[in-house]
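Trainee: structure for the following, please:
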Amino acid sequence: MTEKFKILGKFIKDLSSETPDVETYLIVRDRIGKYQLSIDINSKPLKNKMIEVNTTFKFEDKEQSKKKSHFEIVYSTIIKVNEEVTDKKELEKIILCDVQVKIYPDLEKALLDLLNNSGYPGIKFEKKIEFEELYKQRFN
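Mentor: Numbers count the residues shown, from 1 in each chain. So this is what the prediction gives:
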């Protein structure tokens with residue numbers, strides 16, 4: 001079986017780290033273990049069976065705290081889908097699952113580098129994101 005898509009390029013489209021002041025930094029440094037990762041994936045068709053897939057990772061404190069930092073990365077991947085891919089469900093799986101599995105190591109490293117360079121060293125994500133599982137759950 002041939003690949004259903006090919007990655008033509010990938011890049012960091014937007015990168016954001018916001019810690020408003022020293023007091024916030026000190027509070028966040030103690031609370032960063034409570035921060036959670038959220039993911040958003042969207043895509044837009046380009047010409048010639050090409051698609052821009054934008055994956056957004058936000059690492060944030062979900063509690064209503066006044067003093068918190070915000071970390072976000074938008075990672076853009078340009079893919080070319082093979083001609084034989086015509087089914088909408090198949091295309092959806094490529095965008096939401098297959099592309100994500102391929103780019104995840106780069107995206108995770110970029111986010112961890114951002115956190116490290118923002119003054120929060122040693123952060124690791126305990127679990128890898130299982131895009132196959134998330135994709136399956138979406139339809140159950």
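
Trainee: longest helix of this protein?
Mentor: helix 99-117 (DSSP state H).

Trainee: tell me who's in contact with residue 46.
Mentor: When contacts are counted by C-beta atoms under 8 Å, 6 or more residues apart in numbering, residue 46 touches 52, 78. Just so you know, the C-beta spots here come from the backbone N, C-alpha and C atoms, and that holds for glycine as well.

Trainee: could I get the pLDDT score of it?
Mentor: pLDDT for residue 46: 96.

Trainee: what of residue 125?
Mentor: Per the predicted model, pLDDT is 84 at residue 125.

Trainee: now do residue 2
Mentor: Residue 2 is given a pLDDT of 62.

Trainee: cool, residue 136 as well?
Mentor: 84.

Trainee: tell me how far the closest residue to residue 120 other than its chain neighbours lies from residue 3.
Mentor: Distance criterion C-beta to C-beta, 6 or more residues apart in numbering; nearest residue to residue 120, sequence neighbours excluded, is residue 32 at 5.4 Å. Separation of residue 32 from residue 3 (C-beta to C-beta, to the nearest Å): 38 Å.
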